[in-house]
Each structure stands twice: as structure tokens, then as C-alpha cells.
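> Predicted model and sequence below, questions to follow.
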Amino acid sequence: MTTKIDGKKIARDIRSWVAEEVASRVAAGAGVPGLATILVGDDPAGAVYVANKRRAIREAGMRDFHRTLSRRATQEEVAAVIDELAADPDVSGILLQLPLPEGLDSAALIDRIPVGKDVDGLTTASAGLLARGEFGLRPCTPSGVVELLDAEGVTIEGAHAVVVGRSELVGRPMAQLLLQRDATVTIAHRYTRDLAAVTRPADIVVVATGVPGLVGPEHIKPGATVIDVGIHRTDSGLTGDVRASEVDGVAGRLTPVPGGVGPMTIALLMVNTLRAAAWAKHSA
């Protein structure tokens, strides 16, 4: 039987821990951590994601700073908002919701966020800290995957892990985090020839391609742990990058969609906001 990894429960435990840490921090007079979210435009999905993040932050006892800008906002206008929040000592972390409307340079805007407030872990500076294994804020989704593996008691050290996908948001930092935990890591992508031959030997397979149903039982070694990062809306409901019903009974562990990786992303955003506040105090 395949064990379904309950990301909702693991995320709840992390969120409870964050709330306790925030309460202890405030009781000690250290100040309330705060997250600033920036939403540019009127994309419905982006608005939902930001609303969920803001609600989680408030539930943990942290301060909620939010800015909404028109989809016609210029590069300079978005940059000015980021600079304002970067200079605000009450703002521990800054999150620029992606994707941005056409015409805006997201990479340049993200790099305006100070590394100590980069709770998404996406700036060039944060990527450099990750690559060098130095202290920094890590991208939330890959960090959430590592937390899932640890919570499930999956051995990372010495394991053969394959990351299917090489995006800057998930694939590449995922490979770095697994490598730092002493896994042997292979990265596969759209140009990989015979994907199944690459993934079948793996003990851990993390799939983050944005391609619905790409991975099936032919890709998975019996007993392997499969982490499905993808999420897609279809006529029959939400589905992932893995054909879950076919992999069921082959994989040892599998994250469901929904209820697997998704809740962990917000939980680790809360962790990063707390870490950013502690980092700021230590650096002051």
C-alpha cells in the first residue's frame, strides 16, 4: 500500500510552532514580526494566494502589511513600493506575488528586496547563499518538501533523489537543498531523454514540471517516495504532475494533490518571516 503524506497535518504542526514562537518573542519584548505582500494587477488566482498567506500570518500573531497596485503600475511604481517596505523596520519580510503583469521585469524587482527580507528566497543574493550553503532564507516550496520528508522519516542522506524540473522557484533550489542533506541528486527536465530510465532507480522523486500527469508507474521504483509539486485545475478537479491513481500501490509514499505540498508552502513562508525577524534583530 502507498502511504499518502498528509501535508495538511504537518503544515498545521509547523504553523502552531510558529505561533508559539511569535508569542514567546513578543512576551520577551522582541517585537512582532510582519510580512508585507505586494499584489500587482487583478489576477484572481494571485489574489486568492495572497489572501491565504495574509490570513495565515495573522493567525500566527504576526503583522500583515499589504499593498495592491494596478495592473497598469509601472516598473518604477512597483520598485518604489518595494523600497518603501524595505526601509520600514516593522516589515520583517517582503513577498512580491508572481507572476507579474506583462511588461514588468520581475527579476529586477525581486532583486530590490533586501536579502534579509527575502522570504521567498528568490533574490540573486539568496540564491548565492543557498549555493554556498550559507545561512539565508530558502524558497518556501522546496523547504516545505524537505520538511515533509523529515516528518515522514524518509532518509535523505545517501539516497538517490531525482528532481524533475529545473525552475528557479522549485527545481533548482530543491536539488541544492537535497544535495546539502547528502543525497545524490539528478536533475531531469524537458530535454531529458528517456525520463523513466532516469527516475526509476531513484529513492526519492520530486516532480515540479507544470505538466499534468507527466509521471506514472513506469517512472517509479517500487517503494520510492514521490513528491508531487504540480497542481492543475481540470474538469474533474485538481490534479498534479503525477498520475496518482496509477502510482498508488507502486510508490511507498506519495503526496496527494491537493493536501500535500501546497499547505507546506504557506507554513514555510511563516517560518521564513519569523527567521527574517530574528535575522534583523541579530544584524541590528
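Cool, the structure landed. Since the model is a prediction, treat every value here as computed from it, not as a measurement. Residues are numbered from 1 along each chain as shown.
> alpha carbons only for contacts and neighbour counts from here, please
Will do.
> Mind jotting down where the helices sit in the chain?
Along the chain, counting by DSSP state H, helices occupy 7-27, 44-59, 75-86, 106-110, 124-132, 140-151, 171-180, 195-199, 244-247, 262-283.
> Using a markdown table, please lay out the ones you listed together with mean pLDDT.
Shown next, in a markdown table, are the helices of the chain (pLDDT from 0 to 100):
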| stretch | mean pLDDT |
| --- | --- |
| helix 7-27 | 98 |
| helix 44-59 | 95 |
| helix 75-86 | 98 |
| helix 106-110 | 98 |
| helix 124-132 | 97 |
| helix 140-151 | 98 |
| helix 171-180 | 98 |
| helix 195-199 | 98 |
| helix 244-247 | 97 |
| helix 262-283 | 91 |
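> Mean neighbour count and distance to residue 223 for those - can I get that in JSON lines?
As requested, those are exported to JSON lines (neighbours: other Cα atoms under 10 Å; distance: least, Cα to Cα, whole Å):
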{"stretch": "helix 7-27", "mean neighbour count": "17", "distance to residue 223": "19"}
{"stretch": "helix 44-59", "mean neighbour count": "16", "distance to residue 223": "33"}
{"stretch": "helix 75-86", "mean neighbour count": "17", "distance to residue 223": "46"}
{"stretch": "helix 106-110", "mean neighbour count": "16", "distance to residue 223": "39"}
{"stretch": "helix 124-132", "mean neighbour count": "17", "distance to residue 223": "30"}
{"stretch": "helix 140-151", "mean neighbour count": "21", "distance to residue 223": "14"}
{"stretch": "helix 171-180", "mean neighbour count": "22", "distance to residue 223": "19"}
{"stretch": "helix 195-199", "mean neighbour count": "18", "distance to residue 223": "13"}
{"stretch": "helix 244-247", "mean neighbour count": "17", "distance to residue 223": "10"}
{"stretch": "helix 262-283", "mean neighbour count": "22", "distance to residue 223": "23"}
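> For residue 37, which of these is the nearest?
helix 44-59 (7.1 Å; Cα to Cα).
> So what touches that closest one?
19, 35, 37, 39, 63, 64, 97, 98, 266, 270 (Cα atoms under 8 Å, 6 or more residues apart in numbering).
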